[in-house]
Structures are given as structure tokens and as C-alpha cells.
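1. pasting a predicted model and its sequence here:
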Amino acid sequence: MTVIAGFVEKIKYRNEENGYTVLSVSGEDGETVLVGTFPLIEEGEYIRAEGMMKNHPVYGEQLVADTYEVKVPEDSASVERYLSSGVIKGVGETLAKRIVKTFKKDTLRILEEEPERLSEIKGISERMAMDISSQIEKKRELRDAMLFLAGFGIRMNLAVKLYQKLGDSIYTIIKTNPYQLADEVTGIGFRIADEIAGKAGFRADSEFRIRCGMLYELRQAVGQGHSYLPKQELIGRTEKLLGIPTEGMELILSDLQMDRRVVVRVTQEEQPAVYLSAFYQMERGIAAMLHDLDLRAEERSDRVTCLLDEMEQEEGLVLDGLQRKAVTEAAGSGVLLITGGPGTGKTTTINAIIRYFEQQEAEILLAAPTGRAAKRMAEATGHEAKTIHRLLEMNGVPQEDAEKNGNDWGGMRFERNEDAPLEADCVIIDEMSMVDLRLMYALLKAVSVGTHLILVGDSNQLPSVGAGNVLRDLLDSDCFNVVRLNHIYRQAAESDIVLNAHRMIGGEQIDLTRRSRDFLFIRQNTPEGILQTIRSLAKDKLPGYVDADMRELQIMTPMRKGTLGVEALNRELQRVFNPAHPKKEEKELNGTLFREGDKVMQVRNDYNKMVYNGDIGVLLTINRFAETLTVQFDEERIVEYAFSDGEELELAYAITIHKSQGSEYPAVILPIWKGPRMLLTRNLIYTAVTRARACVAMVGDPVCFFEMVGNTSELRRYSGLADMLRELCG
């Protein structure tokens, strides 16, 4: 370890969000570059730091600080240097000399305890004296707060965030209810608040702890896709989290109801369902808005038939009976659901519906949940298609306004809503299996009664990543007109991908020994053999076979952990496809090594950057000095990330099958190996296979493949939308 001590000569760089700072220190051994988290240090202050010397390839030798302390200047020369450094606004070198000459070693005490005496000095008014004192007091208050928070194990950058958000109230909050931090400060959840509370002496059975634990478990459930938890399951989860018996939890749950933090609703199974209030309002609102939209008109089928006949003759469209029914239902329904697997003509049906409404001179809008899905929809229809977020015109809004209005979109809002609805006669949404409660709620608020809403999706796909089970709930409710397409068209029937996908859903036998152009199964009986084959396919064989760059191919796996999980595969594939090079900058963030040229994925919705969960791009640059990453996504979008935002990105040479929803790739490679039964399900392998446009290559054990196809069990999603719809439908 190396120790340096000296004056801060210059702050070369500071990240205001996390306090990361590069500064030069002048000491007895000359000038040293010091890097670390120093959110409070100013030029002219005296610092003592301890850490390791490292040689940066661009910026040279520097000390990476592990610990540091700011020392109070002691001699008159040091005090004068401190004051003249610019650390106090309005005090320059000349004025600093006068102050120190007047008060000598007593200068700092005068500044803190008797600031009014500064007016004794020529050039300093009483107002200026108090301003100088105020600046020093604020710096001292911030340092005191940092020391106070450090005593509870709170790291420096989080401590700065807490103090900036809460000010002096942080002392009262930590002493009376540290769990309040989980509600008020982004980035602090139950576990951090619980650790602080433990150090503050709070009991394990504290009412505040139980209350915060219940809300935490409900938020965790939302993250797992549920819109509510049965009451007994919530109590059981909370008991396990807190490590205490359930006594008193019923009463605290009642208090949460009184405070309108949760809603308890009795389901049709007579089981009390506990919702976070926002998600109850969303489900109830979705049910009510869909009910109001579902106006039925007696559109004459013979008139629609005549129009379809004309379209078929003029445009060469050939529609089967179900597709014709879909157009007729679209013409006469306020809400229509169209579902079907690959190759069943969903796109042809959408095009026919578009042509029908165009002939009626209707205004039509098309959208899908993701950029990739919207792009595919536009290419298939020849009409503009947007993401639902773009359709609703998402814009920024000051965070305080967002919180005041209950906005739950990370400081963003939709300009299109009930006050400014979409100007359309017909709205068509594709890839509905991906749409979660929040997005559906926002969409419906912008759709006026009288608009035809047509929702298209494959009900056998995996459900949305976000909370809710929207498409399946709408289908299960039996409240709307539904057209289920099931005829596989001749061109699609030539694809073994399409045929075998339908065989999976039907539980039919699949012959893996049959030679196929697009549905390949390569047997390997060890994880090492699987990995070696995947490398060979991705690098050498498949790119030429499907006429695509190897970065356009996608390796998918059911799991995150294990030899063939996302994390291990990405480490290995990064080494193969983007090896280390002296000219490639790299940086480890949150346990992942990122390197310039990496294929990366956005793993959460970021409405400020306008990038969304599942977006894939290329890491262009890593700037260690500015602490930023630059990523290029589709459509030439360039997005900059601070190192502190690194948890938003993952390597994407391999991705989970869940993350592939709404996307399509020239070729898909799937390792097939044993793992947790709850992950290896029919709808998971079905979703993976149907992401491939030209070829799917599975590598592994055929027994595992057949076990997946035979595993029709799914993790239940707690969702009340279907029940609420049935209640409204009568």
C-alpha cells in the first residue's frame, strides 16, 4: 500500500452522479494523480490517501485510493493556501492574505464560530462575511452527514445521494424509521434499509420492518410477473424473508390497506389477493376500458365478403375461412383478438384488415412492444409501425412532477392519454404476448371509445417479462371476439421449423433423425462437447449457410447459471468472437468484463435513454477518463452510459430465451441439456425455435429435448384481469 499526503492542486475530472474523481495532489514527493470516490473534496484542501499505485495505459501512473481523510489546515501558510484556492466563492488570493494576516492561526475558528468578525477586514461587508460563513457551514454539514452515514456502512456515493435527496432529515429518518429510505430513495431497497436499521438498533419484529418486508415481497412478485400474491403466500414469503413468525402480520397488512399502499381483493377461488395499489388500479382500469371499447356493430357480412372478393381479385390475396372471419369481426368489433402459431397467416390477415379499413378511408395505426417487432411489422405490411412507447409519444418530465402525479415510468410520461387520445379509427397491436400490465394500461388510456382495437399474438409464446398475463387473460375471459388461426400455409409447410413448432404445441412426435434444411439436431453427450459444437456453428458453419454475419445469429439458453448458462457462455464466446487486444479498451462492471466491440443487450427499460429491455447493440467505445460506455443500437441509435449504469447492460453473444421475445434471427443456436424442470418447458423451447427465420440448430441430448416438449407445466402467474373482465361482462 502507498500513502500520499498533500494539497489538492487540481480536480481534473468528477462524475457528479457517483463522486468518482481524478485529481492531482501536491506533496513532499511532488505531484501525484489520485483517483477514487471523492464527492466532497475541493481544490486547495489537504488530503491523506492510501491505496495501490497503478499504471494506466493512457493516463500514466496514478494512485487508486482505498481510504482517505481530509485534514484541516493547521499552520497559517496552509490556511492561506486553502482559502485562496477558490474553495470559497468570493475569496481570492489577496483577500485570503488579509484574512490570515488579521486572524493568523485562529482563522478557521473565526470563520466557523465568529464569522461576523470578517467584516473587520477591509473589502468584506457584513453580508459577504455571512455568505462566506454559510459556505463553510454547508461544507461542514455535508462532511458531518457523510461521517454519520458511514457509521451505518453506507458507501460514499450512496451517502451523497441520500443527503442530496433528504438533507438534514436523514438524521431523523435513520433514528426513527430507516425503512422509510426504501420508499423515498431510488436504489435503496429493503435489504439496504434493513442493514442500516440493524446497525441503528431496530428489533427484528419492528412494525416498520414487517411493513417494509411485505411491500418488498410484493415488489419482488411484480418482478416475477405476478400482479398480486395470495395473502397466505405473501405472509409466508415475508416470514421467510424476515426470519420471524407471522404473528402481527395480519394487523400490519390491514394498516397497509388503510394507508392505501395495498388492496386486498377476494378472487373467484375465495382466496384474498394482495395487490400493490398501482397494479390493482391497472388491472381494474384495463378491464373497464376494454369493456367500454368493445362495442359490437352489425356489419353486414355480405358487404365485407364483397369487398374481400374485390381485394383478392385486384391484389392477389387468397384468404381462408378463418382469415375472412377475422376481417369481418374486425369490421364489427370494438375489440378483436387474433391468435395463431407460426405460418398460420397472421401477417396476411393483418394486411387484409388494413386493406379493408383503407377502403373505408379509416385512419390506421400499427404498433408492437419492441423496436425489432415494430420493424418486422413494418416490413411485413408496408405500413409504418412504431413501438407502443413511440406511438404514445413518451417524453421526459421533471422527476418531482412524476412523483407528484404518481407516474411510474422512471421520470417519463406519455403525451398520448385520455386527454390527448390517438387519432385513429383502427389500432393494430402485434406480438401481444409481450405486452405487460403497465404498457397495456397506458395504451388503453390513449384509445378512444369507437376505435377498433385489434390485438394479435401467439398465446403459446412465453408471457411478458413485466407483470401480468394480458394476452392469455383476455383469451381466457371469453369476453371478446376471438379468431384462432390454425391452417398452416403451403410455403410455411415447407419449413420444418414451422411444422415442428406446431407438433410441439399439439404434443405430437418429432423425428430428430430426419435430415432437414432448417431444423437441425446435433447430438452431444457432454457440456464440453456442446460448447465446442456451438463455437464451430456460430463462427464457421452457420453464417455462410444462412448468408448472415455471425453477429446476426443468436445463441439462446434457458438458464443464466451453469456451464451452459448465459453467464458462462458469454465469457467463452467473448473470448472466441472478440478476444482481448492492446488497442481494445475494456472495463469490468458488476462482475462482467466489457470490451470494445462486444455484442451487448439492454436488460431493463430506460425511458430517459429511450432504450428498452431486449435491445441489442455493439459496444463502440469505453472512456475510462470520462467513465462512460458508448453503444450503438439498431437504427443507428448511439447511447452513452455512465459506468454507474453498467448494470443496465449485459453481454449478448448468448441470451436467455425470455429475452428473445419479439425478435427474429437468421439462425438460432440452442444448447439442450438437463437443468431445473421448472425452466425446461414446452412454451420455452417453442418460443426459442420460432425465433429462427432460416435455421434453428439444437445441440445436446435428445432426451432433454423430448422432456422439454413434454413438460407442459408452467410457473403460475397470479393475475386477476380475466376475473375482473368476467365480472364486467356479466
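-> Happy to help now that I have it. Numbers count the residues shown, from 1 in each chain.
2. tell me the contacts of Thr563?
-> Pro527, Glu528, Leu531 (C-beta atoms under 8 Å, 6 or more residues apart in numbering). For glycine as for every other residue, the C-beta is placed from the backbone atoms N, C-alpha and C.
3. one more: Ala652?
-> Ala652 is in contact with Asn570, Lys599, Val600, Met601, Ile616, counting by C-beta under 8 Å, 6+ apart.
4. and with 10 Å instead?
-> 551, 554-555, 566, 570, 573, 598-603, 614-619, 659 (C-beta atoms under 10 Å, 6 or more residues apart in numbering).
5. from the contacts of Thr563, which is closest to Ala273?
-> Using C-beta to C-beta, Pro527 comes nearest to Ala273 of the contacts of Thr563, at 41.6 Å.
6. so which residue is dead centre in the chain?
-> Residue closest to the average C-alpha location in the chain (C-alpha atoms, centre = their mean): Arg604, at 1.5 Å.
7. can you tell me the element that one falls in?
-> In this assignment (DSSP states H and E), Arg604 forms part of neither any helix nor any strand.
8. phi first, then psi, for it.
-> Per-residue torsions, Arg604: phi -150, psi 160 (degrees, to the nearest 10).
9. so it touches Lys659, yeah?
-> No. Counting by C-beta atoms under 10 Å, Arg604 does not reach Lys659; the two are 11.2 Å apart.
10. and for the two, which residues touch both?
-> Counting by C-beta under 10 Å, 6+ apart, the shared contacts of Arg604 and Lys659 are Val465, Asn613, Gly614.
11. CSV for the residues you listed, including neighbour count and distance to Glu137?
-> What follows is the shared contacts of Arg604 and Lys659, written out as CSV (neighbours: other C-beta atoms under 10 Å; distance: C-beta to C-beta, whole Å):
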residue, neighbour count, distance to Glu137
Val465, 19, 48
Asn613, 19, 45
Gly614, 25, 49
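12. out of these, which one has the weakest pLDDT?
-> The member of the shared contacts of Arg604 and Lys659 with the lowest pLDDT is Asn613, at 77.
13. circling back: can you tell me which of the contacts of Ala652 are in strands?
-> Gln554, Ile555, Lys599, Val600, Met601, Gln602, Ile616, Gly617, Val618, Leu619 (DSSP state E).
14. residues touching the residue nearest to Thr656 when sequence neighbours are not counted, list them.
-> Leaving out its chain neighbours, the residue that sits closest to Thr656 by C-beta to C-beta, 6 or more residues apart in numbering is Val566, at 5.6 Å. Shown in contact with Val566 (C-beta under 10 Å, 6+ apart): 555-560, 601, 650-657, 659.
15. toward the C-terminus, what is the element adjacent to the longest helix seen in the chain?
-> For the chain, the helix that runs over the most residues, judged by DSSP state H, is helix 126-150. Moving toward the C-terminus from helix 126-150, the next helix or strand (DSSP H and E) is helix 156-166.
16. same for that following helix, what does it pack against?
-> If contacts are counted by 3 or more C-beta pairs under 10 Å, 6 or more residues apart in numbering; DSSP states H and E, helix 156-166 sits against strand 30-37, helix 126-150, helix 169-176, helix 180-184.
17. rerun at 8 Å
-> If you count contacts as 3 or more C-beta pairs under 8 Å, 6 or more residues apart in numbering; DSSP states H and E, helix 156-166 packs onto helix 126-150, helix 169-176, helix 180-184.
18. report the angle between it and helix 126-150.
-> Relative orientation of helix 156-166 with respect to helix 126-150: 130 degrees, computed using axes from the mean of the first three to the mean of the last three C-alpha atoms, to 10 degrees.
19. how about residues contacting helix 156-166?
-> Contacts of helix 156-166 (C-beta under 8 Å, 6+ apart): 17-20, 37, 39-40, 142, 145-146, 149-150, 154, 170, 173, 181, 184-185, 187-188, 192, 644.
20. lowest-confidence helix or strand of the protein?
-> Of all helical and strand segments in the chain, the minimum by mean pLDDT, DSSP states H and E falls on helix 399-404, at a mean of 37.
21. which of the helices and strands packed on helix 156-166 is buried the deepest?
-> Highest mean neighbour count of those: helix 180-184, a mean of 18 (counted as mean count of other C-beta atoms under 10 Å).
22. tell me what the very next helix or strand once past it is packed against?
-> Sequence-wise, the next helix or strand downstream of helix 180-184 (DSSP H and E) is helix 190-199. If you count contacts as 3+ C-beta pairs under 8 Å, 6+ apart, helix 190-199 packs onto helix 180-184, helix 207-223.
23. and the shortest one, how far from the chain's centre?
-> Mean C-alpha position of helix 180-184 versus that of the full chain (C-alpha atoms, centre = their mean, to the nearest Å) differs by 20 Å.
24. who does it touch, helix- and strand-wise?
-> Helix 180-184 packs on helix 156-166, helix 169-176, helix 190-199, helix 207-223, going by 3+ C-beta pairs under 8 Å, 6+ apart.
25. run the last query once more with 6 Å
-> Applying 3 or more C-beta pairs under 6 Å, 6 or more residues apart in numbering; DSSP states H and E, one finds that helix 180-184 contacts helix 190-199.
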